[in-house]
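1. Got a predicted structure plus its sequence, pasted below:
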2 protein chains.
Amino acid sequence: MRHLQNFRYIEAVMRAGSIRRAADDMNITSSALNRRIQRFEEEFGFEIFERLPRGVRLNPAGELLIQHFRQQESDLRRVQSQVADLAGERRGHVSIACSQALVPYFLPERIAAYRLKHPGVTFTVNVRDRRAAEKDLSEFNSDLALVFEPVQMVDFEVLGHLPQVIHALMRHDHPLASKSELRLRDCIDVPHILPAPEFGVRALIDIALSGSTRHAQPSVESGSFDFMRHYVLHENVLAFQIPIGLRPRDEDGLIARPISTRDIPPGALILGQRRGRSLPVASAKFAQDLIATLETLQ
Amino acid sequence: MRHLQNFRYIEAVMRAGSIRRAADDMNITSSALNRRIQRFEEEFGFEIFERLPRGVRLNPAGELLIQHFRQQESDLRRVQSQVADLAGERRGHVSIACSQALVPYFLPERIAAYRLKHPGVTFTVNVRDRRAAEKDLSEFNSDLALVFEPVQMVDFEVLGHLPQVIHALMRHDHPLASKSELRLRDCIDVPHILPAPEFGVRALIDIALSGSTRHAQPSVESGSFDFMRHYVLHENVLAFQIPIGLRPRDEDGLIARPISTRDIPPGALILGQRRGRSLPVASAKFAQDLIATLETLQ
DNA sequence: GTCCAGTGATGCAAAAAAGGAAGCGGTTTA
DNA sequence: TAAACCGCTTCCTTTTTTGCATCACTGGAC
């Protein structure tokens, strides 16, 4: 869209930190870009960059402006989506930020089911830790976020949720495999591996242990739940995951056992959008679909 | 702002009903305007006008788009206002749509008081009947509306209110001047004049009479409360008005007497904005000022 | 201190985009 | 049937934007 060209350039300058580098990125000359920005500032009535010796940086006015532009761009997409919808074209695009647990089973299944009904709708799936997911939302990079234990929840509007009890993951031949429910202390007394601190599963475990005298001593920490699941097959340790990220039935030699909610309260898997935003048609409908599914599972 | 140029043109075409006339209004040739619109439609992805034999008309997609543009324009003004505010410039503009009753005393007083505190803030006061006031809000022509008995209230977010008992207005020498409170039947039994049907005062009177056997028989109907007030001085009739539009004390030979609330329930003077909109700084602050005043009067 | 790499700003000519004039084919109106 | 409008297209001119070369300035390496 032509009239958002200025926004593209301004955003590029913001990212690059200097007009010349941004010009390079956008394949125009720095003089042209420089004049565009000067001209925009004049029309806008305020400077939006502060000129530093080694480049430029957005000033507070610029921050506000960027926010406005993002909103504007998202609004335009929504209008286009609404128009497409009333034109009878069931097309559109859904972008969703999600935790790793949703990647293997849940989301592929839901998206495939949705695309069966609406083949014209395309998807972008951004795997993000919970902080990054919320950032994605507030910067209009994703329409929806499906996150385990989101953190700050400012600008985050909850659309649906599903409680998730943390499970321990182990091989068939693990000593604890015989029990149907585990206590946390049993888990950390045996060799175990943990997700990195930015993840919700880890946060819940850390909180549960904070009041205790015992400490977790993970032999491996990782940012990949997929890696951890595979690692368990090689060394006979415990890993942790939430049920939505686990296959209903064990198929690759792994067993999942819930950890007593006396030790770790259930965490929440939450579906949300940016507060106050009206979503494009396709995203709103897919959200409804997800909400219904979450309610079914509950 | 340069990037809203397309909007101006599209709106002009919408108003004019034909590209050629719009081109004339906007002082460009029809060919140029025609191409702008074709190009915009191509970029947007959908036609926004339906081509008729005698001109063009917005299609539903176009309606949606116009709505979006209006929102966008208002948002931009809000951002500029916020930036001005954080730059320490206490300037800005407030546009308010109001009923006639606010014109003589209330609004001039409030605006003058506000401008004493913030001399940089300018005002636009649009006198509108209650329907037009709401339309003004939803089309982003006014930031605020202060209306007696608004009608539909869709897209209307109430910020504050003040009950108003309808008063009868008469000369000193009127037979009813001796009573401290009037009954409605006494008023319509004597010669009287009424506001036009689109006004809230009239609506309340009509509703009150609808269950009765008596009918109002106004000798004069008018859209101007100012006219009616002056008319009472020439012919010894009753007129009607709400207290906020009356001077605290009679000064020009007129007397106001409340009509019993057994006959006509108090109407509401309501301050509102377009639902969900974030107002520019100056408008938001002036609204707070008004709300406080309304609460004091209550 | 000096130099150098890197920055934003600016004058000027070239390129690109937008605008204007005229006219075509169509439909409504008188 | 003729005149009046309409949207749209073509050709050419005008305006705007871009690219290139260059200036003035700053911070860091040496």
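-> Arrived safely, thanks for sending.

2. what's the spacing between A:Ile242 and A:Gln164?
-> 4 Å (C-beta to C-beta, to the nearest Å). Placement of C-beta: from N, CA and C, glycine included.

3. Mind listing the shared neighbours of these two?
-> Residues within reach of A:Ile242 and of A:Gln164 at once, by C-beta atoms under 8 Å, 6 or more residues apart in numbering or on different chains, are A:Phe148, A:Gly267, A:Leu269.

4. Same list (the residues you listed) but as a markdown table, adding distance to B:Glu89.
-> Shown next, in a markdown table, are these (distance: C-beta to C-beta, whole Å):
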| residue | distance to B:Glu89 |
| --- | --- |
| A:Phe148 | 46 |
| A:Gly267 | 48 |
| A:Leu269 | 47 |
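
5. Leaving out sequence neighbours, find the closest residue to A:Pro265.
-> By the measure of C-beta to C-beta, 6 or more residues apart in numbering or on different chains, the closest residue to A:Pro265 outside its immediate chain neighbours is A:Leu204, 7.5 Å from it.

6. Give the helix, strand or coil label for the one you found.
-> helix (DSSP: H, G, I helix; E, B strand; the rest coil).

7. Might you enumerate the residues of the stretch 1-150 of chain A proximal to chain B?
-> A:1-6, A:43-46, A:60-61, A:64-65, A:67-68, A:71-72, A:75-76, A:79-80, A:82-84, A:86-87 (C-beta under 8 Å from any C-beta of the partner chain).

8. Can you flag the buried ones in those residues?
-> A:1, A:3, A:6, A:44, A:46, A:61, A:64-65, A:68, A:71-72, A:75-76, A:79-80, A:82-84 (16 or more other C-beta atoms under 10 Å in any protein chain shown).

9. Isn't A:Arg128 up against A:Ala97?
-> Yes. Using C-beta atoms under 8 Å, A:Arg128 makes contact with A:Ala97 at a distance of 4.6 Å.

10. what secondary structure does the closest residue to chain B within the stretch 1-150 of chain A sit in?
-> Going by C-beta to the nearest C-beta, chain B is nearest to A:His3 of the stretch 1-150 of chain A, at 3.5 Å. Secondary structure assignment for A:His3 (three-state DSSP): helix.

11. what does A:Gly92 give?
-> strand.

12. so which strand or helix has the nearest residue to it once chain neighbours are set aside?
-> Once flanking residues are discounted, A:Gly92 sits nearest to A:Ala282: 3.0 Å by C-beta to C-beta, 6+ apart. For A:Ala282, the host element (DSSP states H and E) is helix A:281-297.

13. A:Arg77 against A:Pro280, yeah?
-> Yes. Contact between A:Arg77 and A:Pro280 holds when scored by C-beta under 8 Å: they sit 5.8 Å apart.

14. quick one: contacts for the residue nearest to the residue of the stretch 1-150 of chain A closest to chain B when sequence neighbours are not counted?
-> Among residues not flanking A:His3 along the chain, B:His3 sits closest, at 3.5 Å (C-beta to C-beta, 6+ apart). Contact partners of B:His3, counting by C-beta under 8 Å, 6+ apart, are A:Arg2, A:His3, A:Leu4, A:Gln5, A:Asn6.

15. For the host helix or strand of the last one, buried residues please.
-> Here A:Asn6 is covered by helix A:5-16, with elements defined by DSSP H and E. Counting neighbours by 16+ other C-beta under 10 Å, one finds that the buried residues in helix A:5-16 are A:Asn6, A:Phe7, A:Tyr9, A:Ile10, A:Glu11, A:Ala12, A:Val13, A:Met14, A:Ala16.

16. For chain A, which segments are assigned as helices?
-> When assigned using DSSP state H, the helices of chain A occupy the ranges A:5-16, A:19-25, A:30-44, A:60-86, A:106-117, A:130-138, A:184-189, A:200-210, A:225-234, A:281-297.

17. who in the stretch 51-200 of chain A is up against DNA strand D?
-> A:Pro53, A:Arg54 (C-beta under 7 Å from any atom of the strand).

18. Show the contacting residues for the residue in the stretch 51-200 of chain A that DNA strand D sits nearest to.
-> The minimum distance from the stretch 51-200 of chain A to DNA strand D, using C-beta to the nearest atom of the strand, falls at A:Pro53 (3.2 Å). By C-beta under 8 Å, 6+ apart, the contact list for A:Pro53 is empty.
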